[in-house]
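Peer 1: Sequence unavailable; structure follows:
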């Protein structure tokens with residue numbers, strides 16, 4: 001049987017941890033290990049988990065680990081991955097819940113497609129602004145694909161960045177050392193980019209299996225340490241450029257161009273606006289000098305340097321450019337696949 005390891009980082013979630021724990025306990029799939037990794041919580045989260053696990057009797061193998069100091073969700077997830085002995089890994093957050101048949105439904109795709117590297121599940125997200133980022137039902141993905149060019153493209157461009165609700169082959173992560181970069185903000189964006197280099201097959205499950213809760217003060221919506229966020233953003237963009245692969249050059253160039261476009265539209269405070277624009281201009285300067293960036297794309301990267309007001313007035317033109325590049329990219333993809 002296929003053993004699944006559920007990895008859950010924990011930090012100051014005493015309000016939600018029991019509901020999270022109960023949703024794991026309620027799984028109808030028998031072969032599960034669940035690893036909670038407490039990231040030096042200052043509330044009752046760790047103690048509550050100790051009590052919940054000690055009172056549990058069932059098939060799930062619960063483990064409670066802890067970091068000696070607060071290191072962030074990346075370090076907690078990495079510790080869980082290293083400690084796991086499962087065939088597939090599944091990430092969830094400690095303030096979220098999963099349906100009773102979640103793991104069983106996702107594992108069914110592994111039995112249907114034994115070679116599948118990743119199964120992406122659907123989320124129930126009440127925040128309308130995040131639906132496009134986290135949900136897959138309206139994106140028209142197939143149930144399964146082993147077209148490595150399509151998989152590479154979709155993993156970077158359209159797959160939800162969050163590691164949650166993904167069932168991933170454990171040996172793929174460990175063999176390729178696909179751990180989360182510690183000490184940076186938005187580490188999920190870099191992790192999914194590195195993951196795309198190794199995922200060759202993917203499946204999608206459309207009935208929702210995961211309930212995403214957006215909690216007040218969570219890292220994803222906090223406005224603190226904005227300068228650190230800006231620095232990490234450009235670190236990640238720089239890593240994108242370094243990771244361009246010759247065989248997939250057109251796919252990677254297109255995806256990275258979209259990421260720079262998204263960065264261009266970020267709202268920055270007045271205090272850090274000049275700092276952001278300076279870093280953005282410097283990052284574009286490095287891009288256009290890089291041999292891995294296709295000449296045609298360099299022109300569009302330079303286009304992103306236009307001042308905000310002028311760029312805003314030309315968004316229609318920009319979207320037309322993206323459409324042309326997308327069609328060009330699809331032609332390259334089909335040529336690579338069929339020839």
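Peer 2: Yep, that arrived. Please read all numbers here as calculations on a predicted model, not as lab measurements.

Peer 1: Contact partners for residue 13?
Peer 2: Counting by C-beta atoms under 8 Å, 6 or more residues apart in numbering, residue 13 touches 20, 41, 43, 45, 94, 95. Using the backbone N, CA and C atoms, a C-beta is placed for each residue, glycine as well.

Peer 1: residue boundaries of the helices in this protein?
Peer 2: In the chain, the segments counted as helices under DSSP state H are 17-25, 45-54, 73-83, 102-112, 131-134, 148-157, 170-175, 187-195, 226-242, 249-264, 270-289, 295-303, 308-313, 315-338.

Peer 1: Which residue is the nearest non-sequential neighbour of residue 95?
Peer 2: Distances taken as C-beta to C-beta, 6 or more residues apart in numbering place residue 16 nearest to residue 95, at 4.1 Å, with adjacent residues excluded.

Peer 1: per-residue confidence for that neighbour?
Peer 2: For residue 16, the pLDDT comes out at 97.

Peer 1: What spatial separation is found between it and residue 242?
Peer 2: Applying C-beta to C-beta, to the nearest Å, the value for residue 16 to residue 242 is 38 Å.

Peer 1: contacting residues for the residue positioned nearest the centre of the chain?
Peer 2: Nearest to the mean C-alpha position of the chain, counting by C-alpha atoms, centre = their mean, stands residue 161 at 2.7 Å. By C-beta under 8 Å, 6+ apart, the contact list for residue 161 reads 133, 188, 189, 192.

Peer 1: burial count for the residue nearest to residue 95?
Peer 2: Neighbour count for residue 16, taken as other C-beta atoms under 10 Å: 17.

Peer 1: sorry, back to before: can you say which of the helices of the chain is nearest to residue 207?
Peer 2: Proximity to residue 207 (C-beta to C-beta) singles out helix 102-112 among the helices of the chain, at 6.9 Å.

Peer 1: helices or strands up against the closest one?
Peer 2: strand 4-10, strand 88-91, strand 118-125, strand 166-169, strand 202-212 (3 or more C-beta pairs under 8 Å, 6 or more residues apart in numbering; DSSP states H and E).

Peer 1: In TSV, list those along with mean pLDDT.
Peer 2: As requested, the helices and strands packed on helix 102-112 are exported to TSV (pLDDT from 0 to 100):
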stretch	mean pLDDT
strand 4-10	98
strand 88-91	98
strand 118-125	93
strand 166-169	98
strand 202-212	96
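
Peer 1: hang on, the earlier thing: how close does the residue nearest to residue 95 sit to residue 257?
Peer 2: Taken as C-beta to C-beta, the span from residue 16 to residue 257 is 38 Å.

Peer 1: So for residue 60, which of the helices of the chain sits nearest?
Peer 2: Closest of the helices of the chain to residue 60 is helix 17-25, at 6.7 Å (criterion: C-beta to C-beta).

Peer 1: So which bits of the closest one are buried?
Peer 2: By neighbour count on 16 or more other C-beta atoms under 10 Å, the buried set for helix 17-25 is 17, 20, 21, 23, 24, 25.

Peer 1: Not counting its neighbours along the chain, what's nearest the third one?
Peer 2: What it means is residue 21. Take residue 21 and drop its neighbours on the chain: the residue closest to it by C-beta to C-beta, 6+ apart is residue 52, 5.0 Å away.

Peer 1: what do you get for the second one?
Peer 2: On the basis of C-beta to C-beta, 6+ apart, the spatially nearest residue to residue 20 that is not a chain neighbour turns out to be residue 94, at 5.2 Å.

Peer 1: OK, contacts around that neighbour?
Peer 2: Counting by C-beta under 8 Å, 6+ apart, residue 94 touches 8, 9, 10, 11, 13, 16, 17, 20, 36, 45.

Peer 1: For residue 252, state which of the residues you listed is nearest.
Peer 2: residue 9 (29.4 Å).

Peer 1: Let me see the contact set for the closest one.
Peer 2: 37, 39, 73, 76, 77, 80, 93, 94.

Peer 1: What of residue 202?
Peer 2: Counting by C-beta under 8 Å, 6+ apart, residue 202 touches 116, 117, 118, 119, 120, 144, 145, 151, 154, 155.

Peer 1: List buried residues within those residues.
Peer 2: 116, 117, 118, 119, 120, 145, 151, 154, 155.

Peer 1: For the contacts of residue 202, could you give me CSV that also reports distance to residue 323?
Peer 2: Compiled in CSV, those are given as follows (distance: C-beta to C-beta, whole Å):
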residue, distance to residue 323
116, 31
117, 30
118, 28
119, 31
120, 25
144, 28
145, 23
151, 22
154, 18
155, 21
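
Peer 1: I'd say residue 287 and residue 294 touch.
Peer 2: No. With contact defined as C-beta atoms under 8 Å, residue 287 does not reach residue 294; the gap is 11.0 Å.
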